[in-house]
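K.L.:
Sequence and computational prediction follow.
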Amino acid sequence: MEVINYIGIFAFAASGALKAMEKQLDLLGAIVLGFVTSLAGGIIADILLGIFPPVNLVYLPYPITAIISVFLIILIRKNLTKISKKLLYFDAIGLGAFTAFGAQLAYFHNLNILGVAIVASITATGGGAIRDILVSEIPLILRKDFYATPSIIGGFVFYIVSLRFLDYISLILTFLLVTSIRLIAIKKKWELPKINII
Amino acid sequence: MEVINYIGIFAFAASGALKAMEKQLDLLGAIVLGFVTSLAGGIIADILLGIFPPVNLVYLPYPITAIISVFLIILIRKNLTKISKKLLYFDAIGLGAFTAFGAQLAYFHNLNILGVAIVASITATGGGAIRDILVSEIPLILRKDFYATPSIIGGFVFYIVSLRFLDYISLILTFLLVTSIRLIAIKKKWELPKINII
Amino acid sequence: MEVINYIGIFAFAASGALKAMEKQLDLLGAIVLGFVTSLAGGIIADILLGIFPPVNLVYLPYPITAIISVFLIILIRKNLTKISKKLLYFDAIGLGAFTAFGAQLAYFHNLNILGVAIVASITATGGGAIRDILVSEIPLILRKDFYATPSIIGGFVFYIVSLRFLDYISLILTFLLVTSIRLIAIKKKWELPKINII
């Protein structure tokens, strides 16, 4: 599972770096966006649960992975079209992994089922939301895509499964479920209904 | 007072849902904006005061009220013009209630008078500010309206009254004062002076 | 050093007030932006380190200095062209002071070198970033200027110097270094490389 977490950090940091290039930010902007996209969700989750300092700040392998990922993406930026599809899959893996770990953390802090779902989805999608806010866009998760929804579902599932089974089983199950839903959503181009006024 | 708090959650969640419809977000976007508008101010106040996990996350009736309110607004969206004036009054009630409870919380945590005023106004207006940031607008409270001002005044008043009287009296007094100022401001179309350059 | 801290609060609050005038916000908007620009970075740093309530909220001289600075800038707004260059120098002093104090705080909380650099730069540049987000702009630090970079360098230097010397020496050294780099960057118009897509 730990390996899967690093894949998530890489994919999320990459999406931050790509956004920075799209907006023509400088090198520091790319590092900041990569860092924020991959680690801010977990930092907010830690804050909400009262964990100080947040793990993503003090456990060095995480921020270092994020920063290296940014440089890597910058280096291979000319061949991005080749890997852009792979990045989408990595991103789905990250979504599943971050949801599972976020849910586990919230569950261990005795949050109720709704709290677990909220913290899990913040862990997985909060970084991307802040990335978009930083470049003055409405967060993608609010606008389109079946993206945050698998994460919320995953939070509920983790809670329910954990009532009966060892948390390691919930962890793997949540990861597989969220990543699968996300991959199917990409394939089938699922969307939530827009709210039609009138 | 507790009933009044729920009226506030309803009105604030409604304003989040309305904003989501205005921006053509999907269902999840409406739920997120409703949740954030009604509960994020209190969550920030809890974080600033070191209360973990924040009450709005773990005391289920609050987030559930927010989510139900969003669905309610979506259901009655075709008759919104009829109730839009009532929503404005409910919003004023919410402003008063959230200010009073935020001030009480800060006062109990031994903040000074300025700290109480800041936490009270964050509790009451922080959610709306984040709602606007999420849809990439300059927060309404910064741009116009005599909106945050009653809340700040309410925080000062709570502190001063609490020095002499039971906190229950300050609570009701602050609520009545803030809501009244806000209602009068709506009626008279009060505005703070713009700062003229040159 | 304490005096230098107040110069920083003044300069940062001034930049918030100026942004409010540029965006034609009202008086409250100017106070909020001034407050946020000068104090929010330190508040976020305190939250990340688990210090509640944040010092900038409860140690009255800081918020009062920020608010007075905003009124001062509004009063002298007609002569701003005369002092705009001085403000830039004051801002560089603030950047150095906030970096040094932020680094010291993080170091005392046993953060590793990367954590110290991150918290130091958040302390110094986080307020300005939130100021820009509030007026719906991409934060300046992401877009241009050799602004956050001296602050990050300062965080690393503080950590390394503190391993050998008294923290008071690191504090002054970091302040002098960051402010000097920033002043030279202003003079020489340094910029970080943009990432060219092709």
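P.N.:
Great, that's in hand.

K.L.:
and chain A, which residues reach chain C?
P.N.:
Chain A comes close to chain C at residues A:20-21, A:23-30, A:32-33, A:43, A:47, A:52-54, A:57-58, A:60, A:63-64, A:74, A:77-78, A:133-136, as judged by C-beta under 8 Å from any C-beta of the partner chain. Where C-beta positions appear, they are placed from N, C-alpha and C, glycine not excepted.

K.L.:
neighbours of residue A:183, just the number please.
P.N.:
Number of residues near residue A:183 (other C-beta atoms under 10 Å in any protein chain shown) recorded here: 17.

K.L.:
hmm, I was thinking of residue A:173
P.N.:
17.

K.L.:
Provide a list of residues in contact with it.
P.N.:
By C-beta atoms under 8 Å, 6 or more residues apart in numbering or on different chains, the contact list for residue A:173 reads A:157-158, A:161.

K.L.:
will you turn these into JSON lines that also has pLDDT, distance to chain B and neighbour count?
P.N.:
Below are the contacts of residue A:173 laid out as JSON lines (pLDDT from 0 to 100; distance: C-beta to the nearest C-beta, whole Å; neighbours: other C-beta atoms under 10 Å in any protein chain shown):
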{"residue": "A:157", "pLDDT": "97", "distance to chain B": "17", "neighbour count": "22"}
{"residue": "A:158", "pLDDT": "97", "distance to chain B": "16", "neighbour count": "29"}
{"residue": "A:161", "pLDDT": "96", "distance to chain B": "20", "neighbour count": "19"}
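
K.L.:
Show me the strands in chain A, by range?
P.N.:
Along chain A, no stretch is classed among the strands by DSSP state E.

K.L.:
so who does the spatially most central residue of it touch?
P.N.:
Central residue of chain A (C-alpha atoms, centre = their mean): residue A:124, 3.1 Å from the mean position. Residue A:124 is in contact with A:41, A:94-95, A:98-99, A:102, A:148, A:151, A:154, A:178, counting by C-beta under 8 Å, 6+ apart.

K.L.:
Per-residue pLDDT of it, please?
P.N.:
Per-residue pLDDT puts residue A:124 at 97.

K.L.:
Residue A:68 now?
P.N.:
Reported pLDDT for residue A:68: 97.

K.L.:
Can you tell me which of the contacts of residue A:124 has the most neighbours?
P.N.:
Neighbour-wise, those (other C-beta under 10 Å) top out at residue A:99, 35 neighbours.

K.L.:
pLDDT below threshold where in chain A?
P.N.:
A:144-145, A:191-192, A:194-198 (pLDDT under 70).

K.L.:
all helices for it, in order.
P.N.:
In chain A, helices defined by DSSP state H lie at A:2-22, A:27-49, A:55-58, A:61-75, A:80-108, A:113-134, A:140-143, A:148-162, A:167-188, listed in chain order.

K.L.:
Now do the first one and helix A:80-108, the angle between them.
P.N.:
Angle, helix A:2-22 to helix A:80-108, by axes from the mean of the first three to the mean of the last three C-alpha atoms, to 10 degrees: 130 degrees.

K.L.:
tell me which residues in helix A:2-22 are buried?
P.N.:
A:4-21 (16 or more other C-beta atoms under 10 Å in any protein chain shown).

K.L.:
what does the fifth one give?
P.N.:
Residues A:87, A:90-107 are the ones in helix A:80-108 that count as buried (16+ other C-beta under 10 Å).

K.L.:
So which elements touch it?
P.N.:
Under the contact definition 3 or more C-beta pairs under 8 Å, 6 or more residues apart in numbering or on different chains; DSSP states H and E, helix A:80-108 sits against helix A:2-22, helix A:27-49, helix A:113-134, helix A:148-162, helix A:167-188.

K.L.:
CA atoms only for the third one - export them in CSV, please.
P.N.:
Extracted in CSV, the C-alpha atoms of helix A:113-134 (Å, rounded to 0.1, in the frame of the first residue of the first chain):
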residue,chain,number,x,y,z
ILE,A,113,-19.4,7.8,9.2
LEU,A,114,-20.1,11.2,7.6
GLY,A,115,-16.9,12.7,9.2
VAL,A,116,-14.9,9.7,7.8
ALA,A,117,-16.3,10.3,4.3
ILE,A,118,-15.6,14.1,4.5
VAL,A,119,-12.0,13.7,5.8
ALA,A,120,-11.3,10.9,3.2
SER,A,121,-12.5,13.0,0.3
ILE,A,122,-10.6,16.1,1.6
THR,A,123,-7.4,14.0,1.8
ALA,A,124,-7.9,12.9,-1.7
THR,A,125,-9.3,15.9,-3.5
GLY,A,126,-8.4,18.9,-1.2
GLY,A,127,-5.0,19.3,-2.7
GLY,A,128,-6.4,19.5,-6.3
ALA,A,129,-9.0,22.0,-5.1
ILE,A,130,-6.3,24.3,-3.6
ARG,A,131,-4.2,23.9,-6.8
ASP,A,132,-7.2,25.3,-8.8
ILE,A,133,-7.9,28.1,-6.3
LEU,A,134,-4.3,29.1,-6.5
